[in-house]
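Undergrad: Here is a sequence with its predicted model. Questions after.
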Amino acid sequence: MVRALLVVCLFTGCAPHDANAQANAHANADADAHAHADADADAEGKAGGTFRFAAATADGVGIFDAATGRAIVRAPALPVDDLVLDPERGRLLTFELDADDEMGRVVARSFWTAAGWGLGAPLQLAAVDGIARLLPVPSAVVAFEDAYGPRWHVLVDGRPRASLPAPMPRAVWSSGDQVHALTQEPDASWTTRSARATESGFHATTAAPVPGLVHESARAVALAAGVVAIDVVGGALVLRLAERTTPVPVAVAEIADARAISPTRAAILAGGPTRLIVVELGSSGSVSFASLRLDEPTRADPRFLSRALVAVGAARVLVATAVRVHAVDVGPELQLLRDASFRDDGARAPIDGPLR
């Protein structure tokens, strides 16, 4: 009880609790910072100016500038349910839904041409009679599928290879070919699974229980201190690291996405109402946080991995809702300032990046 009270006290002294408070405190500074009308003129000098990101659009996919929000190239596509950049192979991978035959398709498009940025002709890698989420690793592409029972597949040269029966991940991270995931088991318990994905299939598979998680939208991020599980308990955010549980006094209904933005910081997109929350783990075990309220709904299904956050370094986060993408700059003391000059040029969730 004493620890919880101390943690809450640290929270209240570390950062603003809501976007309204932040907006009032920083309105003048924000206006001065974005006084120039032409956002493209100084794009290379701004955070994210040399980076790009991929996103869905109303009728396809696109590559966008991470500093300005400007669309660089677009391409038509079926409704995009998931997308991820595959830089080693120079392509954008999407999972697209075809309402006509009620099938999903894993599709690859080159994002680079002889003339520069571009989106090449779509190449179908696999058909899925269900839902899929994608993760490229050096040796292959991993497709997490929920069709006739959940399985992890390895795709090599566009063809499915060996598969592994396992639940759909709520969060994934990788190191080389080693894939890690947070999964909810059929009995509602939680597990972190690891497997090495190669051209011949999955190897060195392990699973470890994650006790204490209760909400179906729980997510996880890998930080320097370890894997931090992100939960919702009693309508509030809770962080779990090893055997330590830390409540974060922010009202949330569910977790849409979470991403590490530095070795000690994570960005969390929560729903009910929609908020970007950035948390920082101190060396002594303390936790600081700041939150910024957004007005649009998230695009997430608590049962599946979602992609709504892109970290452009530790100082800039792109946040994708069902409507648009916002750019939020993160100050050294966890100040969250929305970049008012960032264009609404048609990008929306899902998103992935950054890409230099």
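TA: Perfect, I can see it now.
Undergrad: Backbone dihedrals for V210, both of them.
TA: The phi/psi pair for V210 (degrees, to the nearest 10) reads phi -120, psi 90.
Undergrad: what sits against the nearest residue to it once chain neighbours are set aside?
TA: Distances taken as Cβ to Cβ, 6 or more residues apart in numbering put W190 closest to V210, at 4.1 Å, once the chain neighbours are dropped. For the C-beta atoms, the positions are set from N, CA and C on the backbone; glycine is no exception. Residues counted as contacts of W190 (Cβ atoms under 8 Å, 6 or more residues apart in numbering) are L182, T183, Q184, P209, V210, P211, L213, A218, A229.
Undergrad: gap between W190 and V287?
TA: For W190, the distance to V287 (Cβ to Cβ, to the nearest Å) stands at 21 Å.
Undergrad: so what's D344 closest to, chain neighbours aside?
TA: Nearest non-adjacent residue to D344, counting by Cβ to Cβ, 6+ apart: R324, 4.7 Å away.
Undergrad: what number of residues lie near the one you found?
TA: Neighbours of R324 under the rule other Cβ atoms under 10 Å: 19.
Undergrad: Tell me how far it lies from P165.
TA: 38 Å.
Undergrad: What of T206?
TA: Plainly put, T206 is 15 Å away from P165 if you go by Cβ to Cβ.
Undergrad: So those two - more neighbours on which side?
TA: Neighbour count, other Cβ under 10 Å: between T206 and P165, T206 has more, with 11 against 8.
Undergrad: tell me which element V106 is part of?
TA: Assigning secondary structure by DSSP states H and E places V106 in strand 103-110.
Undergrad: Quick one: residues in contact with that strand.
TA: With contact meaning Cβ under 8 Å, 6+ apart, strand 103-110 is reached by 61, 75, 77-78, 81, 86, 89-98, 118-132, 134, 141, 143, 155, 158.
Undergrad: and what of stretch 348-356?
TA: Contact partners of stretch 348-356, identified using Cβ under 8 Å, 6+ apart, comprise 48, 50-58, 63, 66, 80-85, 87, 111, 298-300, 306-312, 318, 320-325.
Undergrad: what's the spacing between stretch 62-78 and its chain's center?
TA: Relative to its chain's centre, stretch 62-78 lies at 18 Å (Cα atoms, centre = their mean, to the nearest Å).
Undergrad: Kindly apply the preceding question to stretch 109-128 instead.
TA: Per Cα atoms, centre = their mean, the centroid offset for stretch 109-128 relative to its chain is 22 Å.
Undergrad: Stretch 186-201 now?
TA: 19 Å.
Undergrad: same question, stretch 164-182
TA: With Cα atoms, centre = their mean, you get 14 Å for stretch 164-182.
Undergrad: and that stretch, average pLDDT?
TA: Confidence over stretch 164-182, taken as the mean pLDDT, stands at 96.
Undergrad: Model confidence score at T205, please.
TA: 89.
Undergrad: contacting residues around it?
TA: For T205, the contact set (Cβ under 8 Å, 6+ apart) comprises L164, R193, S194, A195.
Undergrad: hmm, back to that, which ones among the contacts of W190 map onto strands?
TA: Per DSSP state E, strands hold the following members of those: L182, T183, Q184, P209, A229.
Undergrad: from what I can see the last one touches A222, true?
TA: No. Under the criterion of Cβ atoms under 8 Å, A229 lies out of contact with A222, with a separation of 10.8 Å.
Undergrad: more neighbours, these two?
TA: Neighbours were counted for A229 and for A222 using other Cβ under 10 Å; A229 has more, 25 against 17.
Undergrad: Now V142: which helix or strand?
TA: Judged by DSSP H and E, V142 forms part of strand 140-147.
Undergrad: just to revisit the earlier point, how close does the residue nearest to V210 sit to P209?
TA: 7 Å.
Undergrad: Ok, A143 next?
TA: 25 Å.
Undergrad: Which one's more surrounded, these two?
TA: A143 (23 against 11).
Undergrad: Just the helices from the protein, written as ranges.
TA: In the chain, helices defined by DSSP state H lie at 2-14, 19-33, listed in chain order.
Undergrad: where among those helices is the average confidence lowest?
TA: Of all those, helix 2-14 carries the lowest average pLDDT, namely a mean of 29.
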